[in-house]
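S.K.: give the three-dimensional model of this entry:
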Amino acid sequence: MTNLEKLPVTVITGFLGSGKTTLVRHLMQNPGGRRLAVVVNEFGDVGVDGEILKSCAIPDCPAENIMELANGCICCTVADDFIPTIEALMALEPRPDHILIETSGLALPKPLLKAFDWPDIRSKITVDGVIALADAEAVAAGRFAPDVAAVDAQREADDSLDHETPLSEVFEDQVSCADIILLTKPDLAGPDGLAKAREVIAAEAPRPLPVVEVAEGVVDARVILGLEAAAEDDMDARPSHHDGHDDHEHDDFESIVVALPEISDPAVLVARIEHLANTRNILRVKGYAAVAGKPMRLLVQAVGARVRHQYDRPWAPGEARGGKLVVIAEHDDIETAAITEALAGLPTAAE
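M.R.: Residues are numbered from 1 along each chain as shown. Alright, predicted model coming up:
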């Protein structure tokens, strides 16, 4: 690529826990001959996704090519954060061949595309494509794309019912903006669930979209990179619930950070997270914990009541052995004191 050509950028979007970081990690390790750079837009103050990706750095995507934006949504911090980050990546030697942007799970992709029209960068970069990841099991269950006709019938009987929820709008906007849909966790959905998920996506998509089943983020880079979609010039084909608004609201969601003391039993932490998800509608928990007697840090990722944990790296010499969890929920479900007590009140190693 010559310096006169626009640098391609792929926007990777998708609902909470749909597998975006897993996909980016796979692309870093299997870049198809490209030198990659990565921008991670976190929701919350703990850079868990960025740390995971930096631990996977290789010569084609070294650690210095991985940057985090943790101070808010990219499209709301264009001048202060997004533009300087893109310019810094473009100034690297050697220059990246392709940039991946992993958005927050709560991000609306269309406002981000508008950021690429910013005067300082619009002649230098192009949106090669928007990749939307969808959790097949969750989509099949109808959590993010409800049956509009059925809900409309309910509304006729009860005006207090609303067929739209913030979560469904996020999902629908991500599908509408996408060039390709990656249907993740197919093993959990099963054949019937996969078929149902495809039906839901087809009903929500404003145009026919390719849908690819992907397990553990494994997909050939040739399938999703090099699309040359120029999405920033194709905005009218990507409808959004927020079209016509000058900005978009993030007030529907809120995150808090809970500091954890060193714990004695990971199973207790998992049980507490599951209980919170079931009783307080917690959407997402991600972070890490220190377990007494274990030399490695415990990485924790939860989507609803589905909790995954693994030891990811040794504690560094002199590093404080404590944990931090980002907890994300809809605004009305965040009760800081109760959530903190439920998690930080765990039995510690000293008890």
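
S.K.: which secondary structure element is home to Val257?
M.R.: strand 253-260 (DSSP states H and E).

S.K.: next helix or strand past that strand?
M.R.: Scanning the chain past strand 253-260 towards its C-terminal end, the next helix or strand to appear is helix 266-280 (assignment: DSSP H and E).

S.K.: tilt between that following helix and strand 253-260?
M.R.: Between the axis of helix 266-280 and that of strand 253-260 there is an angle of 150 degrees, by axes from the mean of the first three to the mean of the last three C-alpha atoms, to 10 degrees.

S.K.: and helix 266-280, what does it pack against?
M.R.: Helices and strands in packing contact with helix 266-280 are listed as strand 282-289, strand 296-303, strand 306-314, helix 336-344; criterion 3 or more C-beta pairs under 8 Å, 6 or more residues apart in numbering; DSSP states H and E. C-betas here are computed from N, CA, C, even on glycine.

S.K.: could those go into TSV alongside mean pLDDT and mean neighbour count?
M.R.: Below are these laid out as TSV (pLDDT from 0 to 100; neighbours: other C-beta atoms under 10 Å):
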stretch	mean pLDDT	mean neighbour count
strand 282-289	82	23
strand 296-303	85	20
strand 306-314	85	14
helix 336-344	84	15
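
S.K.: low-confidence stretches in the stretch 51-200 of the chain?
M.R.: For the stretch 51-200 of the chain, residues meeting the criterion pLDDT under 70 lie at 51-81, 105-106, 143-167.

S.K.: now the helices for it?
M.R.: If you assign secondary structure with DSSP state H, counting those that start in this stretch, the helices in the stretch 51-200 of the chain sit at 83-90, 109-115, 136-140, 148-157, 166-177, 186-204.

S.K.: what angle separates the strand holding Val257 from strand 282-289?
M.R.: Going by the same axes, to 10 degrees, strand 253-260 makes 30 degrees with strand 282-289.

S.K.: for strand 253-260, which helices and strands make contact with it?
M.R.: Using 3+ C-beta pairs under 8 Å, 6+ apart as the contact definition, the elements that strand 253-260 packs against are strand 282-289, strand 323-330, helix 336-344.

S.K.: the same query, at a cut-off of 6 Å, please.
M.R.: For strand 253-260, the elements it packs on are strand 323-330, helix 336-344, judged by 3 or more C-beta pairs under 6 Å, 6 or more residues apart in numbering; DSSP states H and E.

S.K.: residues contacting the longest one, please?
M.R.: Yep, that's helix 336-344 we're talking about. Under the criterion C-beta atoms under 6 Å, 6 or more residues apart in numbering, residues Ile256, Val258, Leu260, Arg272, Leu276, Val327 lie in contact with helix 336-344.

S.K.: now swap in the shortest one and tell me
M.R.: Here strand 323-330 makes contact (C-beta under 6 Å, 6+ apart) with 44, 46, 252, 255-260, 281-290, 339.

S.K.: what subset of the contacts of helix 336-344 is buried?
M.R.: Neighbour-count burial (16 or more other C-beta atoms under 10 Å) applied to these gives Ile256, Val258, Leu260, Arg272, Leu276, Val327.

S.K.: how close does the spatially closest residue to the third one that is not a sequence neighbour sit to Val285?
M.R.: Which is Leu260. By the measure of C-beta to C-beta, 6 or more residues apart in numbering, the closest residue to Leu260 outside its immediate chain neighbours is Gly323, 3.3 Å from it. Using C-beta to C-beta, to the nearest Å, one gets 11 Å for the distance from Gly323 to Val285.

S.K.: again with Thr340
M.R.: When C-beta to C-beta is the yardstick, Thr340 and Val285 sit 13 Å from each other.

S.K.: also Lys110?
M.R.: Taken as C-beta to C-beta, the span from Lys110 to Val285 is 28 Å.

S.K.: kindly provide the distance from Gly33 to Asp179.
M.R.: Gly33 sits 21 Å away from Asp179, going by C-beta to C-beta.

S.K.: these two: which has the busier surroundings?
M.R.: Asp179 (22 against 9; other C-beta atoms under 10 Å).

S.K.: ok, how many other residues are close to the closest residue to Leu209 other than its chain neighbours?
M.R.: Closest residue to Leu209 apart from its sequence neighbours, by C-beta to C-beta, 6+ apart: Ile181 at 5.5 Å. When neighbours are defined as other C-beta under 10 Å, Ile181 has 26 of them.

S.K.: equivalent analysis for Ser123, please.
M.R.: A count of nearby residues for Ser123, using other C-beta under 10 Å, gives 8.

S.K.: how about the one 4 residues further on?
M.R.: By other C-beta under 10 Å, 25 other residues sit near Val127.

S.K.: can you tell me how far the residue lying closest to it once chain neighbours are set aside sits from Ile224?
M.R.: Once flanking residues are discounted, Val127 sits nearest to Ala231: 3.8 Å by C-beta to C-beta, 6+ apart. Shown here: Ala231 relative to Ile224, a distance of 13 Å by C-beta to C-beta.

S.K.: same deal with Leu27?
M.R.: Plainly put, Leu27 is 8 Å away from Ile224 if you go by C-beta to C-beta.

S.K.: show me what contacts the spatially closest residue to Ala277 that is not a sequence neighbour?
M.R.: Excluding its sequence neighbours, the residue lying closest to Ala277 (C-beta to C-beta, 6+ apart) is Ala305, at 4.1 Å. Contacts here follow C-beta under 6 Å, 6+ apart; on that basis Ala305 touches Glu274, Ala277, Asn278.

S.K.: model confidence for the first one, exactly?
M.R.: Glu274 is assigned a predicted lDDT (pLDDT) of 89.
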